[in-house]
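>>> coordinates only, sequence not included:
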């Protein structure tokens, strides 16, 4: 709850910066604010009374996820400093991002459908806007527009689902619903329909196939920093919400959604990875990769066992920091070379060893090669999936991972093998720092994952 | 503690090397690996003869998942570590006449590779084993990618994906076994043995194949071998040596340590197919080696043939076969490094590896011819060379599995002679030609390498007892356990 | 002395190491001294061992050196066995070896590879001694392969010549084929008996039933090895080619010692064969066939060494015939006498070639009698010995073989006699064409003709003496002898003795000897008629030959047959495997997966049309499908 | 006057909402004019609102109606943002045809 | 009885106007039909005793949102029948897709009659008093949080709407 308040206040403060003209100070203020939020957030760890108005519950699960989100957000801010350079919209950008974070935090802690709905919207609406924040860039416009329409369309289904569940159980409260569906025995049919519609709505948010079509286009069109934000924080929050709703609330009726999620997971992994193979532009490729990663996380969600929560948390964290690194490098390279095609990376190993090494580490992590965080993330997911008996899904995941290696390595090969522009790219100090920190974090998480795994 | 030292010393050295500039890199790398070898020798001296696992170290690593950092060495592991630490300095020495771009990176990767390899051989925790197993892939991939030959991007990538495919299957099987462990799940080797042995026939079969695939691809066994000749050919000489000399042994070692005892019944009921594949591979690769024009490629195929025999012998699962496998791993490591080094020597001097275009080098440098011949004889397993001891034991082991199988496997004895002598004749004998006008004398490092290798070839051919004694009790214990679990 | 047996192989090995490492910097004289000296010393020790053994009651002594290979219950010590058989072979190997070493100092004196040659020879002696000394099959195998290696090195001694190299390679590979059989035999022995030491194996084998399949398998597998090493059908073609090596090598390795290793092995394993009638028959049949087959080829060869080579193959066939009919002593006896006279003949041939400046074609020789008196006389003695003229050594050994064959099977005897007749013919053909008549070579060669130096003639003389009197150790009882050799070897063949029944009457023996001598004389007369009286000369290459003659002259096209039936198909098959199967199918499949994924990706990405209408449409379809699951 | 929910079966309301919702979906699928697509989405949301109110009445529970307020708020926000985006797009493309926006693909 | 007829009548109108929204070619007409449709829905609200909501609905939707639509249409000059021709199969597939969606939804929603209301019927829940209590007691947090939403939307709309300074 403290996080929520702090983040909202930070958002408001950034709006005030315009009025009271302390815009220059805003960047440090936000960074400090995030650190403070992080600290206050983890103070509630293991605190017993943590439910607020039966709407939000800051249990360990929520705190773990929100801490990870805040952490990733912090890294993201380090990456995205350039995004806040533009004078005119600077405060708007700050506040929108911070409000989106509020939405994300709500999504990890909600206990009521109302909060779920509001959380999704608070997260989404700033995103619609931020995606379109390069106002004169047609692809940004297009991305924003597509995202908005499809998002609203999906929200329609989500709401219809909520309404039906309300009709069937008479409540928006997750706990009540949970007990309701177990007590009544013969749960009304409309409940199941509602549940499936919510599944559709959330699948859209996590970009599961076949509700993923927006993702590659939007990711490509959006400013790279916003793409990074969507690929990391939005996805993580959506999964936390998904997990809370389905693995906890709808646990007892899992039989009626498991098979569907099974298919969605398999399709998502395979389609995402396969389609990425043909991409020649890094950003779009990473977009497909992001789709694919959602598939793996769905696997963990599907497993519904003691590993699921930590698997998704860890996977989300590993994937997020990996993505932050890759997107940072992609944006640096794309800006310097004027192009985000894979060939722009040719010869990077020679001209900018640091970028190349960090990129390699991040890509290896995304591909799931030990000893990186990505490997361990996949490992936990495979374990949980195996435990749940989804052996074939693991098989599909292995296949998908192999395909994934195919395109991640194209970048590595381009960097180290292909001859290319040998002109050194200037990297700002904070980006260098960020990249080094992230690279170390990726490896450290791969070697000592226990710290995160044990959280929840 | 010595095990930890063995594992992490190369890693430290690798990191250190990154910061060394200039000519000193080679020497420092060589020095570091010699120190590592000295540590191994210390371990050898401290090793108590017997079948127990020694130098054990165990730390809780990922507590919540029952994963421990558990390492230790029994005879088999010790020999594998010995092989690694013996060969790596030699491999580094082979590069003394070569100037690689970014030498600090190159040698750092080689040492990182050593770190992973030693780790593979001493791991006593399934997860740790897997980590090291995969870890070994990364340095070698970059070695091949950065310093390899033509078409390397495509070929090394294929290598990477191919081996990764196998690894992931193994990971699947490991997780499956892990989840079957009793009580708090654990990756401890003993726990995995127990859970594997507790499975029924069908499931042991699945696990067998999943794990075997990883090893089969790494070794490689027919028909999973097609990455290998290309990769060996395209890799830089030192990379090839690492691949063939040591990395390949990860597969065979894996079969001994992580396949036989885990699913004995699965082995009993499925090994016939695996052995058949191995044996087919022997003849198949030998035949193909006969028609190779590129000497490096020829050796690559010959390696497939050799490793097929090792695999068949080990899977036959008797003391002679496994013991032979262990010994042959060592011998093959030494011999194949020697052969690839000879290829390197030739290529450096003549810029070609085409067997037909060389000739008459014996006229120019008899000394080289003799050393080459000794390595070659080791490779064709002439008695009193190291190759023979292993091959005899292996054939013995396979014979106990099936006489006809052994007869077919034994064809390698003949075919090996055919392709090896053919290439020796074409390269070394006869008159010199326009390509081989002169032969720059062997440098001292080249001489040193060849002489050390030849000494090892002859020394352990005549007196293999020390090696056999180290491996023997451990092998017997392992095989006895497996056979007991098989119900034989 | 027996305790010092380790020295016997060690001395030549030391010689090899010294010459091998420092040969370049040593003078030829010193190299010769080291080379010959080490073998002479080994010979001296062997003599000592021989006398000590004859003097003591214990006829079988095992000397353990060190444990070599252990794996589970398989334990192979590196140890030597001294018994009559091995001590006899020790003497043959070191004795003949020494003589040939001495001969080589002369023969090779002008060769630049002098030191290398002696190094190889010493190495060969070392391995040969290991072969005969080993106390178990694996040590024998070590020597077995080792001599194969030396044979390879020495055949290809003049390594610049591609044909020689091919011959060397062929020898090695053919030997390896046999070696595989041998190796499998050893393994089967281990599997059956749990040991491969001679002592353990024979002790257990003794108690097994006659004709048990496993014994037969073992015996046959070992025999495959013997076929390879001793150049029996079908693995004989390498031996004639092996004449590419320097002549002393042909004498030592490809006549006197190495090729008899097969005989040694079968004789050593006599009990296994005795208990396996099938194997015995096989050995006998292969032996007699080889004897005849090689003899027929020998009839038409024009290369002096080739004739001797086929003669060797043929004589080895006789030895196997002897083994096959259970005449183990006879076989060993023939090994010994053959070592004398065949070494003599080869060295004599070497002397001729030396004198003829390298010419080997007998069509270019003739009338050498007056130019090379010592060579001529010793060669004649050797010829008489090989054709079995009494009382030369060959007479006794061949007689014993034929007598035993007669006892066993009349047909075998008849074929043996036929082979002997052919032997007489081709040997005298060789002799007549070389030494009688007029010189047919070039002027230059004629001018150059000279008797060989002392170092070469001395061994000839010694060997001639041995060839003449060597048979005396085995004079049969029918002729009033005691057959000392049989008595000496008795402990070795004791276990098999129940098969060797000497029921033949002396009359019969006389009759057989008579027939043999008559046939020999007849054949000799015919050869005389043809080559001395009528001065017929073998046809030149350009002439057309009659079919039968052509068949024999072309050696039955066996080499071509092998070439077309094995080598070429193997190459073709390998090529197909490589280019088609490996590259296209196996690898094609692997790459195909990659290509398929890429192709699929190319297709799948078109789903991403960029058109929002389609996206929504896909979503709706997805929803419909999901809800569809609810209806059912 | 009785409440409709007392005389009309709940199914009819569900059916009515479903039909209206589907009409909204049809609009999104059918039209290319972005404005009309927005309106269709509004129609979908209103179908949901109707459903909620019907349930709320049926269950005699005011939470459903309160939820409708939130939907309205969100709908208003969405429309505001959506129309802003539309204006922005229109400024760049001079079109409100969604098919003009297909530069991002493949 | 009247209620029943009213229900059928309003339902018919709602569906008809809804269809008109989708099918009419002129955006202005669509907006107007949508307004009408919203009025019928408001009528339903009244029928369902949700009088306050009905009023709010009319104010928010018909009053504010629809005016906004109209405003934009006018501003952008979209009031022409500009929509290009859609190919027949596109239309057909849209119709089939939404048709099958309808079928599937209806089919899967059968059996809603099993829902039992646990509360006794209370006609006054739709009154402002009840709603206010619920909103400000149970739903206070969402209410507060929605302010963040509106603030974000406002900031965003302003940011996007204003002309960028070049």
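Nice, I can see it. No experiment lies behind these values; they were computed from the predicted model shown.
>>> Which residues of chain D lie near chain C?
With C-beta under 8 Å from any C-beta of the partner chain as the criterion, chain D comes near chain C at residues D:25, D:28-29, D:32, D:98-99, D:101-106. No exception for glycine: its C-beta is placed from N, CA and C like everyone else's.
>>> how's chain C carved up into domains?
C:2-205+C:212-538, C:558-631 (automatic domain parsing).
>>> Most tightly packed of those?
domain C:2-205+C:212-538 (a mean of 22; mean count of other C-beta atoms under 10 Å in any protein chain shown).
>>> Show me how far that one is from its chain's centre.
Mean-position distance between domain C:2-205+C:212-538 and its chain equals 8 Å (C-alpha atoms, centre = their mean, to the nearest Å).
>>> tell me the mean pLDDT for it?
Domain C:2-205+C:212-538 carries an average pLDDT of 86.
>>> now do the same end-to-end measure for that domain.
Domain C:2-205+C:212-538 has an end-to-end distance of 53 Å (C-alpha to C-alpha, to the nearest Å).
>>> is it anywhere near chain B?
Yes - judged by C-beta under 8 Å from any C-beta, domain C:2-205+C:212-538 comes into contact with chain B through C:66-74, C:116, C:138, C:141-142, C:144-146, C:149, C:152, C:156, C:159-162, C:165-166, C:169, C:172-173, C:176-177, C:179-180, C:183-184, C:187-188, C:190-191.
>>> Inside helices: which ones of those?
C:116, C:138, C:141-142, C:144-146, C:149, C:152, C:162, C:165-166, C:169, C:172-173, C:176-177, C:179-180, C:183-184, C:187-188, C:190-191 (DSSP state H).
>>> wait, which of the domains of chain C is closest to chain D?
Nearest of the domains of chain C to chain D, taken as C-beta to the nearest C-beta: domain C:558-631 at 2.6 Å.
>>> low-confidence ranges in chain A?
A:183-186 (pLDDT under 70).
>>> Next to chain C, which bits of it? Give me the list.
Checking chain A against chain C by C-beta under 8 Å from any C-beta, the hits are A:146, A:149-150, A:153-154, A:157, A:189, A:192-193, A:196-197, A:199-200, A:204, A:210-211, A:213-214, A:216-217, A:256, A:259-260, A:271, A:274-279, A:403, A:406.
>>> Buried among these? Need that as a selection in PyMOL.
Only the buried entries of those go into this PyMOL selection, using 16 or more other C-beta atoms under 10 Å in any protein chain shown:
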select buried, chain A and resi 146+149+150+153+154+157+189+192+193+196+197+199+200+204+210+211+213+214+216+217+256+260+271+274+275+276+277+278+279+403+406
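>>> Settle this for me: residue B:149 is touching residue B:234, isn't it.
Yes - taking contacts as C-beta atoms under 8 Å, residue B:149 lies within contact range of residue B:234: 4.6 Å.
>>> out of the residues of chain D next to chain C, who's nearest chain B?
residue D:106 (23.7 Å).
>>> what's near enough to touch the closest residue to that closest one other than its chain neighbours?
Leaving out its chain neighbours, the residue that sits closest to residue D:106 by C-beta to C-beta, 6 or more residues apart in numbering or on different chains is residue C:605, at 5.0 Å. If you count contacts by C-beta atoms under 8 Å, 6 or more residues apart in numbering or on different chains, residue C:605 has them with A:275, A:278-279, D:106.
>>> still on that earlier bit, just the ones of the residues of chain D next to chain C in strands?
Using DSSP state E, the subset of those located in strands is empty.
>>> Do stretch A:218-236 and chain E come into contact?
No - if you take C-beta under 8 Å from any C-beta as the test, stretch A:218-236 misses chain E, and the best it gets is 12.8 Å.
>>> Which helix or which strand is home to residue C:13?
Using DSSP states H and E, residue C:13 maps to helix C:7-22.
>>> Out of the residues of domain C:2-205+C:212-538 next to chain B, which are close to chain A?
Of these, not one also sits near chain A (C-beta under 8 Å from any C-beta).
>>> At the geometric centre of chain B, which residue do we find?
residue B:249 (2.8 Å; C-alpha atoms, centre = their mean).
>>> any idea how far that one is from residue B:120?
Noted for residue B:249: a distance of 9 Å to residue B:120, by C-beta to C-beta, to the nearest Å.
>>> same thing with residue B:354?
The gap separating residue B:354 from residue B:120 is 35 Å, by C-beta to C-beta.
>>> Looking at those two, which one has more neighbours?
Neighbours were counted for residue B:354 and for residue B:120 using other C-beta atoms under 10 Å in any protein chain shown; residue B:120 has more, 28 against 16.
>>> so who does the residue lying closest to residue C:124 once chain neighbours are set aside touch?
Leaving aside its chain neighbours, residue C:124 sits nearest to residue C:150 (3.7 Å; criterion: C-beta to C-beta, 6+ apart). By C-beta under 8 Å, 6+ apart, the contact list for residue C:150 reads C:120-121, C:123-124, C:127, C:253, C:258.
>>> Give me the phi and psi for the residue nearest to residue B:66 when sequence neighbours are not counted.
Once flanking residues are discounted, residue B:66 sits nearest to residue B:186: 3.8 Å by C-beta to C-beta, 6+ apart. Backbone torsions for residue B:186, taken as degrees, to the nearest 10, come to phi -150, psi 150.
>>> go on, residue C:81?
Torsion angles, degrees, to the nearest 10, at residue C:81: phi -120, psi 120.
>>> So the spatially closest residue to it that is not a sequence neighbour versus residue C:62, what's the distance?
Nearest residue to residue C:81, sequence neighbours excluded (C-beta to C-beta, 6+ apart): residue C:135, at 3.6 Å. From residue C:135 over to residue C:62 the distance is 5 Å, taken as C-beta to C-beta.
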